[in-house]
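[1] Structure for this input, please:
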Amino acid sequence: MVDNFLSAKANLGTSPPIDQLNATLSSATALRRHLCDGLRHPLGQGENDGSIADRQQRRLAELELEKYAFVLLSQLESHMAVPGQLVSGSMMWVGAMRAAHNAIIHLSLSQWEVNECNAVSKDLE
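    Model (predicted):
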């Protein structure tokens with residue numbers, strides 16, 4: 001999962017196409033979801049310093065993925081705001097809905113209106 005994200009990120013150029021931005025965003029979303037799932041479990045009694053440090057590193061990585069997803073969403077929005085940048089017709093909507101779906105998942109992972117975000121996310125699948 002980490003390798004997929006790093007590979008997708010490395011393949012982005014200075015002006016990547018929308019489908020490449022969406023692929024990288026999807027990879028970042030999957031990785032962040034994986035990290036968040038691992039962080040949902042409370043610390044147990046007697047956790048050693050190594051496991052606490054590992055948990056802190058995971059939390060920092062999760063926060064960085066959240067910030068990076070915002071950057072990717074901003075780049076996607078910039079593409080969509082420029083006339084002629086998008087493929088017309090159904091491809092435009094596919095890219096926009098895919099970006100919206102990932103954005104909603106990130107909101108849910110940030111614990112903002114989780115039930116509503118999950119319902120919207122299921123509708124966008």
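
[2] Show the contacting residues for T24.
    When contacts are counted by Cβ atoms under 8 Å, 6 or more residues apart in numbering, T24 touches 5, 8-9, 11-12, 16, 72. For every residue, glycine as well, the C-beta is placed using N, CA and C.

[3] Tell me which two of these sit farthest apart.
    Distances among the contacts of T24 were taken as Cβ to Cβ; the most separated pair is F5 and P16, at 14.8 Å.

[4] Which ones among the contacts of T24 lie within strands?
    Among the contacts of T24, none falls in strands (DSSP state E).

[5] Which of the residues you listed ranks first by neighbour count?
    Counting neighbours by other Cβ atoms under 10 Å, the top entry in the contacts of T24 is L72, with 24 neighbours.

[6] Would you enumerate the residues in contact with that residue?
    Applying Cβ under 8 Å, 6+ apart to L72 gives the contacts 21, 24-25, 28.

[7] And those residues, which is closest to D123?
    D123 lies nearest to L25 out of those, by Cβ to Cβ, at 18.6 Å.

[8] count of neighbours near that closest one?
    Counted with other Cβ under 10 Å, L25 comes out at 25.

[9] Can you mark which positions in whichever strand or helix holds it are buried?
    Applying DSSP states H and E as the criterion places L25 in helix 18-39. Buried residues in helix 18-39, counting neighbours by 16 or more other Cβ atoms under 10 Å, are found at 18, 21-36.

[10] and the residue lying closest to M97 once chain neighbours are set aside, how far is that from I105?
    Leaving aside its sequence neighbours, M97 sits nearest to L124 (Cβ to Cβ, 6 or more residues apart in numbering; 6.0 Å). For L124, the distance to I105 equals 9 Å [Cβ to Cβ, to the nearest Å].
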